[in-house]
Structure formats: C-alpha cells, structure tokens
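Chemist: Fold the following.
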Amino acid sequence: MENPQACLIQAERIQHIHKAIADINLVLGKVDVNQNEFTRSIANQCKFRLQESVKTFEILPSIFQHYVKLFNLVDQIELQFRTLQESRACAIFLSQLCPNPENALLGLSELMINAIEHGNLEISFEEKADLLLRNKWLYEIEARMQDARFKKRLASVTLRRNKDEIKIVITDQGKGFDWSYHLDLEPGEITEKHGRGITIANYFSFDEMQYNSKGNVVTCVIER
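Modeler: Sure, this is the predicted structure:
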C-alpha cells in the first residue's frame, strides 16, 4: 500500500507544476513572436520540461536554474496584460531577469495590480477601501472586466537591461492619479490596510521610481 503522506506530497508537487505551466502559457501569449523569438523558445522548452516532470512525478530544481541562466541573455522584452492572473504571471517571469527576484517580484506585483485596478478599471482608493470592507473587491474586479468602458483596456510592461541598470516601465490606459503622496510616504507612516503598494515598491524593490505627470506610467530602475 502506498504511503498516504507520500501521495499527498506528490499530488501537491504536480499541482505546483501545473500552475507553473499555466503561468508560462500566459507569458507566452504575451510575447511578440517576431521580436522575442528567443525568449519564446526558452519558455517553450521550459514548459516542455515541466510537462515531462508531471509525467514522471518529479520536480528538478536544476531545470529552473538552467533556464534562469538563459533568461539572463534577454536584454529587452515587452508584455501586455489585462487580468490579475496575467499580471502575476508576467511579474514572476520578469522578476527572474532581476538581480534579486524576490524583491523585484514584490514591487512588480504591486505596481502591475495597481495598473489594472486603479488604472484600467478606475477603482479609486476610497472605493477599494469599501470593497475590501465588504469582501467584494474581486467581484468588482470581475464585473469591471466585463464593463464596456473597461474591458478592452490593456496594460503593458517593458523591461530593458544594460550593464549598469534594469529599467522597467509599466503603462496603463486609465485616467491617472496623484502619485506624489504615495512616493513621499515612509513605510512606517502607512496606516491603511491598502494603498501601500507604491511605498513598498519604492523602498524595497527598486532603486528609483518615477511617474509621468498624469500618473499612468511608472518607470522603475534597479541598479546592477
């Protein structure tokens, strides 16, 4: 008889692999074939190896380490995203191109979610506070995704690297906002349960952050 605990661990590993494959598929769907054929090839190979791991019920960390090394050859990439799931997949992918992936992922995730909810879907700070209080935030996200005013809007993220720095530009199609208050905040001054994403990204993820005057484009710099 098989060990129940071992079966559970195996099932959890398979679930994680399938989630990784789903994230890679989302990224592949965002990559321009002509401009990023090399990146697409790498990701496709990575997906194939993950699928093979599902068949053999194994996870090989060396697979990920190998492809992260190949990702380091990529010096420019642009992705588009519309949903929270797509933003998460793109953030995970791009974070692997940064010197400290964990810190980069934190900031990228926060800013890319902002681009969707506050930018493209125009959910205000006050509206989000109320939605979170009533546990309706995700419902409102889904509803606005289907709204004719917002459903065709896309956000984009561009990453460019050189020997000195990594520059990431996140753009949404919203009306913008007054960003100055959030950039001036210290982490210890945050009292709300939300609205902290920009401050967190500014202090813990990037060496420099700048918004355009409108507030719908943010440029982040990581020194190498």
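Chemist: what's around residue 78, how many residues?
Modeler: A count of neighbours around residue 78, defined by other Cβ atoms under 10 Å, yields 16. Any C-beta I mention is one placed from the backbone N, CA and C, and that applies to glycine too.
Chemist: wait, doesn't it sit right on residue 158?
Modeler: Yes. Here residue 78 lies in contact with residue 158, judged by Cβ atoms under 8 Å, at a distance of 4.4 Å.
Chemist: how about residue 150, what does it touch?
Modeler: Residue 150 makes contact with 120, 121, 122, 144 under the criterion Cβ atoms under 8 Å, 6 or more residues apart in numbering.
Chemist: what kind of secondary structure is the residue nearest to the second one when sequence neighbours are not counted in?
Modeler: Put plainly, it is residue 121. Counting by Cβ to Cβ, 6 or more residues apart in numbering, residue 121 lies nearest to residue 144, which is 4.3 Å off, once chain neighbours are set aside. When the structure is reduced to helix, strand and coil (DSSP: H, G, I helix; E, B strand; the rest coil), residue 144 reads as helix.
Chemist: can you count the residues close to residue 144?
Modeler: Residue 144 is surrounded by 18 other residues when neighbours are defined as other Cβ under 10 Å.
Chemist: likewise residue 85?
Modeler: Look at residue 85: counted by other Cβ under 10 Å, it has 12 neighbours.
Chemist: That one and residue 92, how far apart?
Modeler: 11 Å (Cβ to Cβ, to the nearest Å).
Chemist: Repeat that for residue 162.
Modeler: To residue 92, residue 162 is 23 Å away according to Cβ to Cβ.
Chemist: more crowded one of these two?
Modeler: Taking residue 162 and residue 92 together and counting by other Cβ under 10 Å, residue 92 has the greater number of neighbours (19 against 10).
Chemist: What values do phi and psi take at that one?
Modeler: Note on residue 92: backbone dihedrals following degrees, to the nearest 10 are phi -60, psi -50.
Chemist: Verify the contact between it and residue 106 for me.
Modeler: No. Counting by Cβ under 8 Å, residue 106 is not a contact partner of residue 92; they are 11.5 Å apart.
Chemist: show me where pLDDT drops low in the protein?
Modeler: Segments of the chain classed as low confidence (criterion: pLDDT under 70) are 1-72, 182-195.
Chemist: where along it do the strands fall?
Modeler: With DSSP state E as the definition, the chain shows strands at residue ranges 76-81, 155-161, 165-171, 208-211, 217-223.
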